[in-house]
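**Student:** need coordinates for the below:
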Amino acid sequence: MARPAGPNDKSRYPSEPSLALEQFMTEYGTSILRTAYFYLGDRHLAEDVSQEVFLRAFRHWTSFRGDSSVKTWLTKIAIHACRDKQGLKMMKEQPTDPLLMENSVLRSVEEEALERLDQTTILKYIAALPVHYHEVIYLYYYLDLGTRDIAEATGAPEGTVRGRLHRARALLGEYLAKEGLVL
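**Tutor:** Reported below is the predicted structural model:
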């Protein structure tokens, strides 16, 4: 489960920005790429934003106070970079996980199609939610962030995040029930 924000893990990382950057990229590169893709819906833009996130982290590592976990801090940078890139508009196309595409050679066509269908179906309903709802669903379930971390990353009060998460679950349940799908 997600660690709460607060006492941080900054001391786990080297104080030298270039060494810390290498560790960030190893630990969080996949998560940041997925987050950027979720927001932007375009693999190339997501890769550009991911690079920008780690560049910003490199530049600001020495000034990072550690009020939150490094994962939360990087996620916050990613969210802001994505919002900057898109002008606060969420994608309209149905998202799929870009990292699944890289491994598709290892699976049969049927397995890949079924897995994409399952993921696309759920993500389609998540993407249909209003922006502030699908954002909290993604951060909570896909990035495994707690409500305090989501509040830190998005700039919304924690109570608001909890309310949005509750409402998002209810709406998602309604969408899936209408389609005869069970969560």
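**Student:** give me the secondary structure label for the residue positioned nearest the centre of the chain.
**Tutor:** By Cα atoms, centre = their mean, the chain has its centre lying nearest to Thr35, at 3.3 Å. Secondary structure state of Thr35, per DSSP: H, G, I helix; E, B strand; the rest coil, is helix.
**Student:** that one touches Ala78, doesn't it?
**Tutor:** Yes: judged on Cβ atoms under 8 Å, Thr35 makes contact with Ala78 at a distance of 4.8 Å. In this view, the C-beta of every residue, glycine as well, is placed from N, C-alpha and C.
**Student:** list the residues that contact Ala156.
**Tutor:** Counting by Cβ atoms under 8 Å, 6 or more residues apart in numbering, Ala156 touches His132, Ile150, Arg164.
**Student:** quick check: it vs Lys71, distance?
**Tutor:** As for Ala156, its distance to Lys71 is 18 Å (criterion: Cβ to Cβ, to the nearest Å).
**Student:** ok, Ala153 next?
**Tutor:** Distance of Ala153 to Lys71, given as Cβ to Cβ: 9 Å.
**Student:** neighbour count: the two, which is higher?
**Tutor:** Ala153 (26 against 22; other Cβ atoms under 10 Å).
**Student:** wait, what's in contact with the nearest residue to that one once chain neighbours are set aside?
**Tutor:** Leaving aside its sequence neighbours, Ala153 sits nearest to Lys76 (Cβ to Cβ, 6 or more residues apart in numbering; 4.1 Å). Each residue near Lys76 by Cβ under 8 Å, 6+ apart is listed here: Ser68, Glu152, Ala153, Thr154.
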